[in-house]
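1. I'd like to go over a predicted model; first the sequence, then the structure.
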Amino acid sequence: MIVMNDASWTERAVLILLLALSLGLFWWRFRKVLDVIRRSRATPDFQVAPLGPRIRQFVWEVLLQGKVIEQRPLAGLAHAFVFWGFLAFALITINHIATPFGARFLYPESSFGGFYFGFVATWAIAVAISISGLFIRRFFVRPVWLGNVSPESGVIALLIFALMATYLAGIWIFTEESVAGQVNWWAHTAALLIFLPLIPHTKHLHLVISPATVFLRRAGFSRIPPLAGDEDFGLNTGKDVTQIDSLQAYSCVECGRCTEHCPAYNTGKALNPKEIILGMRGYLNEFGPASEEPLLGKHISEIAAFQCTTCGGCEFQCPVGIQHLPMIVGLRRGAVNTGKWEDDFGTKLFLNLERNGNSLGFAASERQKFIEKNGLPIFDGTQEYCLWLGCMGAYDAQGREIVLALARVLRYAGVTFGVLRKEKCTGDPARRLGNDLAFSQLAEANIEALKAAKVGKMVSICPHCVRTIGTDWAEAGATFPIEHHTELLARLASKLPKAAGAREQVAFHDPCYLGRYRGVYDEPRSLIAKYGEAVDPKRARERSFCCGAGGGQMFLGEEKGKRVNVERVQELLETGAPVVGTACPFCQTMFRDALGAVTQTPPKLMDLVQIAAASLPPEAN
């Protein structure tokens, strides 16, 4: 047992001095971090309530380590064992420090003490094995997404192992009264006192503040916070950094999960979401939250910030509650809203939105011609659904085919619908690229039109439109109940006929804005199951790899490095399925281009509603 019952006053004085030094060094650094967070500006519209969801996510992600284990099982379990072991060691550590001062409260002779010392010994073994495995993984296996590995993390790992080894030695090897036992006690104490001040100087600061980060993160997945007044342009300088931003910047554990799942990083782009967060930390360390130095520059790359597809993979994977996308979009806002970002393709997109009301630059009359030619009904308030066409559904040739397939299926199922006489782009690409003026103008015009038409329920073929109308428009004054067409079709499946011919395999691509943003994974697959067999590529469901179109990237010209859509199409082709199933018009456009570049014999590329419509009998003229 690691004890020191008969400590002399000299030994006690030495222990007090070392303990004070350790705590002082810890506080000296940690106080600076707290000061940066405290001096950052208040986070707009942040509120702790409701507490229920926050408590649930805290229990699942922090106490149970659910996300850590679920998304990376082997390494996640090792991290979880270390975390749980430290929780178990809390009483042991307090008892250890209290013993020389005659305040010991755990005794091996007592029933509880005997049980607890043995219980913690089990955890000590688990922690020692786990930290050894993590050390080997970090310094010898070295997955590429870990990046540069700091030597401090190795020192921390060795100290944790030493804590476990000296504890076990004190129980099983050395007697309390022996010289070796006393040396072992001091070795355990030294490891503990060295470990403590290293925490705030390394990535292990997350041990202290990440529980608060998880509990206090912004509500909603990748929700872009509203601007606070006319003087708020986004994340432009240090003065714009919020307390949540600062807290999250200091919480990064540098595990590389965001990097591993980033489509930009994986295709040779400059963007590494981990470096965006660490860049924010570096800026705050050097300039502080009151600085007027631009955020994009020395510590954070503007090029990298504008390569993000906003797929949400980074935020979904982060085990410590960091929300990358509000920060990345905030940096874009700061550059665009202040006129600092110069990009010919971006300028053209914004002009198209301003002059034509759509991202593709077509005259609004083209939409009207499409509606009249195909006899799409106008929404008059009596129909069940308002069918939102969106830019792709109204102007893109393939997007129009998806809309017409949906109209045909709805008519067959007896669902009434109508389209608006006029609609503009929801503002999604402007929103994600940081142009708040263009977004608000588009959103306000659409909100007015929808209110005038007395629209209730809405349906759309585009997950981006669904997200923007149902969530982002709140900043412009109103949102509307809207769902994706696969959600509606999954409920209507019993009214639709089964496939007439052979059941084919369908390699289904989960769109980012339908999957991670909306949590819709089962409905598309249940729809496919009516007509064939759903086959997943190697990255599917919440780990789905982006098509490359989101975040305005579809409109920003040729990509650097390998194209994201090519990377994803190659994964879909590896399934060997004769059909590639999509559920987003942007994805279909990106894959159509990539399939032509990758293979001479491409599989059929079909939206899921086109698969459903193919089984319908011909309509009477």
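-> In hand now; what should we look at?

2. next, work out how far apart the spatially most central residue of the chain and residue 69 are.
-> Centroid check for the chain by Cα atoms, centre = their mean gives residue 315 as the closest residue, at 1.4 Å. Distance, residue 315 to residue 69, using Cβ to Cβ, to the nearest Å: 18 Å. For glycine as for every other residue, the C-beta is placed from the backbone atoms N, C-alpha and C.

3. cross-check the contact I'm expecting between residue 162 and residue 184.
-> No. Contact criterion Cβ atoms under 8 Å: residue 162 and residue 184 do not qualify, at 10.7 Å.

4. is residue 533 in a helix, a strand, or coil?
-> On the three-state scheme (DSSP: H, G, I helix; E, B strand; the rest coil), residue 533 is labelled strand.

5. wouldn't it be in contact with residue 506 here?
-> Yes. When contacts are counted by Cβ under 8 Å, residue 533 is listed as touching residue 506 (6.9 Å).

6. so for the two, which residue has more residues nearby?
-> Set residue 533 next to residue 506 and count neighbours by other Cβ atoms under 10 Å: residue 506 wins out with 28 against 13.

7. dump the residue contacts of the more buried one.
-> 528, 531-535, 577, 579-581, 611 (Cβ atoms under 8 Å, 6 or more residues apart in numbering).

8. dump stretch 269-288 to CSV, restricted to CA.
-> Extracted in CSV, the C-alpha atoms of stretch 269-288 (Å, rounded to 0.1, in the frame of the first residue of the first chain):
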residue,chain,number,x,y,z
LYS,A,269,-6.1,20.7,-49.9
ALA,A,270,-4.6,23.2,-47.5
LEU,A,271,-7.5,22.8,-45.0
ASN,A,272,-6.9,20.8,-41.9
PRO,A,273,-9.7,21.5,-39.4
LYS,A,274,-7.5,20.7,-36.5
GLU,A,275,-5.1,23.4,-37.6
ILE,A,276,-8.0,25.9,-37.7
ILE,A,277,-8.7,25.3,-34.1
LEU,A,278,-5.0,25.2,-33.1
GLY,A,279,-4.5,28.4,-35.1
MET,A,280,-7.2,30.1,-33.1
ARG,A,281,-5.5,29.0,-29.9
GLY,A,282,-2.1,30.3,-31.2
TYR,A,283,-3.7,33.6,-32.1
LEU,A,284,-5.2,34.0,-28.6
ASN,A,285,-1.9,33.1,-27.0
GLU,A,286,0.0,35.6,-29.0
PHE,A,287,-2.5,38.5,-29.5
GLY,A,288,-5.3,37.9,-27.0
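
9. of all the residues in it, which ones are buried?
-> Residues of stretch 269-288 classed as buried by neighbour count (16 or more other Cβ atoms under 10 Å): 269-281, 283-284, 287-288.

10. residue 412 - how many residues pack around it?
-> Neighbours around residue 412, by other Cβ under 10 Å: 18.

11. got the contact list for it?
-> Counting by Cβ under 8 Å, 6+ apart, residue 412 makes contact with 495-496, 616.

12. next SSE after the longest helix seen in the chain?
-> Of all the segments of type helix in the chain, defined by DSSP state H, the longest one is helix 9-39. Sequence order places helix 51-58 as the next helix or strand after helix 9-39, per DSSP states H and E.

13. that following helix packs against which elements?
-> Counting contacts by 3 or more Cβ pairs under 8 Å, 6 or more residues apart in numbering; DSSP states H and E, helix 51-58 packs against helix 206-216.

14. which outside residues touch the helix it packs on?
-> So helix 206-216 is contacted by 30, 33, 48, 54, 57-58, 61-62, 86, 199-200, 244, 247-248, 250-253, 320-322 (Cβ under 8 Å, 6+ apart).

15. if you count neighbours, what's buried in it?
-> 206-207, 209-211, 213-216.

16. let me see the mean pLDDT of it.
-> With pLDDT averaged residue by residue, helix 206-216 scores 94.

17. report the distance from it to the chain centre.
-> Computed by Cα atoms, centre = their mean, to the nearest Å, the chain-centroid distance of helix 206-216 equals 16 Å.

18. hmm, back to that, can I have the buried ones of the contacts of residue 412 as a PyMOL selection?
-> Buried residues among these (16+ other Cβ under 10 Å), as a PyMOL selection:
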select buried, resi 496+616
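
19. need the contacts of residue 412 in a markdown table with distance to residue 226, secondary structure and pLDDT, can you?
-> A markdown table is the format used below for the contacts of residue 412 (distance: Cβ to Cβ, whole Å; DSSP: H, G, I helix; E, B strand; the rest coil; pLDDT from 0 to 100):
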| residue | distance to residue 226 | secondary structure | pLDDT |
| --- | --- | --- | --- |
| 495 | 41 | helix | 94 |
| 496 | 41 | coil | 92 |
| 616 | 44 | coil | 91 |
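
20. possible to save the contacts of residue 412 as TSV with distance to residue 450?
-> Formatted as TSV, the contacts of residue 412 follow (distance: Cβ to Cβ, whole Å):
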residue	distance to residue 450
495	28
496	29
616	30
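
21. not counting residues beside it along the chain, what's closest to residue 429?
-> Once flanking residues are discounted, residue 429 sits nearest to residue 552: 4.2 Å by Cβ to Cβ, 6 or more residues apart in numbering.

22. my read: that neighbour touches residue 349, true?
-> Yes. Taking contacts as Cβ under 8 Å, residue 552 lies within contact range of residue 349: 6.8 Å.

23. that older thread, next, give me the two most distant ones among the buried residues of helix 206-216.
-> Farthest-apart pair in these is 207 and 216; separation 16.5 Å (Cβ to Cβ).

24. show the pLDDT at residue 2.
-> pLDDT, residue 2: 50.

25. ditto for residue 45
-> 83.

26. and it, how many residues sit next to it?
-> So residue 45, with other Cβ under 10 Å, has 14 neighbours.

27. would you mind measuring from it to residue 213?
-> 18 Å.

28. and residue 535, by the same measure?
-> 38 Å.

29. try residue 255
-> Counting by Cβ to Cβ, the gap from residue 255 to residue 213 is 14 Å.

30. hmm, who's touching stretch 85-93?
-> 106, 116-117, 119-120, 123-124, 126-127, 130, 163-164, 167, 192, 207.

31. to clarify, my last question referred to stretch 329-345.
-> 224-225, 227, 233-237, 240, 245, 276, 294-296, 300, 302, 305-306, 310, 346, 431-437, 555-557.

32. mind checking the pLDDT average for that stretch?
-> Mean predicted lDDT for stretch 329-345 stands at 96.

33. now the nearest residue to residue 385 once chain neighbours are set aside, what are its backbone angles?
-> Using Cβ to Cβ, 6+ apart and skipping the chain neighbours, the partner closest in space to residue 385 is residue 417 (4.4 Å). Per-residue torsions, residue 417: phi -150, psi 170 (degrees, to the nearest 10).

34. would you confirm that residue 417 contacts residue 459?
-> Yes. The pair residue 417 / residue 459 is scored as a contact, 7.3 Å apart, by Cβ under 8 Å.
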